[in-house]
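In: Would you be able to build a 3D model of this:
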Amino acid sequence: MKNIRYVVLAAATALALAGCGDETNSGSSPTTPSVGSSTTPAPSTPTSAPSSSRTSSALPLTVTRTGGFAGFDDRVVLGADGFASVSRRGQDPVRCKVETGLFNTVIAAVEQVDWASVGSTKPTVEHPDDMIIAVSAGGGLARLENPKVKPMVTPVSKLLAEATSPKTCKPA
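Out: Next up, the predicted model:
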């Protein structure tokens, strides 16, 4: 039984990292990201205005990924200016420009969520090696698998993949 759990966890982790979302409800309640040892870099002045005219009053969007058998501790804060502040365990924080198409997709998803109804309950580890991906915007906080934030699954997965990759997130 333990081996099956680890195979399922590995598959779920691979899906999250590949930008694919799981649209099933695992029965968890809304949760919030925990405060870890990582720090968010101080905001800096953007070098250029975002090339998108889209914004949302729910921004900034904060995405945290913690735990899992890989020991993740990532934090991405996406601002209305189209820049992301990215903190990862063991690395210096960076600030990078999010590709306009991805930024627009994230904004569209943020606008589809009723953040006031999401709640703000602290996330808890549900099983050994639980990887918690949590989103926070507009005063609401939830684990990504919460059905109330379903529109965020694919955009957040892609944002995490791109913002935490040195190939696509170059310091701005």
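
In: Mind jotting down where the helices sit in this protein?
Out: Assigned by DSSP state H, the helices in the chain fall at 2-18, 100-112, 115-118, 153-163.

In: Which of these comes out lowest on mean pLDDT?
Out: The weakest mean pLDDT among these belongs to helix 2-18, with a mean of 36.

In: And the strands in the chain?
Out: When assigned using DSSP state E, the strands of the chain occupy the ranges 61-67, 72-78, 83-88, 94-97, 131-137, 140-143.

In: Let's have the ones you listed in a markdown table, adding mean pLDDT and mean neighbour count.
Out: (Each C-beta comes from the backbone N, C-alpha and C, glycine too.) Shown next, in a markdown table, are those (pLDDT from 0 to 100; neighbours: other C-beta atoms under 10 Å):
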| stretch | mean pLDDT | mean neighbour count |
| --- | --- | --- |
| strand 61-67 | 92 | 23 |
| strand 72-78 | 92 | 22 |
| strand 83-88 | 92 | 23 |
| strand 94-97 | 92 | 19 |
| strand 131-137 | 92 | 24 |
| strand 140-143 | 92 | 24 |
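
In: Can you add distance to residue 164 and give the ones you listed back as a markdown table?
Out: What follows is these, written out as a markdown table (distance: least, C-beta to C-beta, whole Å):
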| stretch | distance to residue 164 |
| --- | --- |
| strand 61-67 | 8 |
| strand 72-78 | 5 |
| strand 83-88 | 6 |
| strand 94-97 | 10 |
| strand 131-137 | 12 |
| strand 140-143 | 18 |
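
In: Which one, of those, ends up nearest to residue 116?
Out: Residue 116 lies closest to strand 140-143 among the strands of the chain, at 6.6 Å (C-beta to C-beta).

In: my read: residue 98 touches residue 158, true?
Out: No - using C-beta atoms under 8 Å, residue 98 makes no contact with residue 158, being 10.0 Å away.

In: quick one: which of these two has more around it?
Out: Neighbours were counted for residue 98 and for residue 158 using other C-beta atoms under 10 Å; residue 98 has more, 26 against 20.

In: circling back to that earlier point, mind checking the strands of the chain for the one nearest to residue 104?
Out: Minimum separation from residue 104 across the strands of the chain (C-beta to C-beta) falls at strand 72-78, 11.9 Å.

In: Thanks a lot, catch you later.
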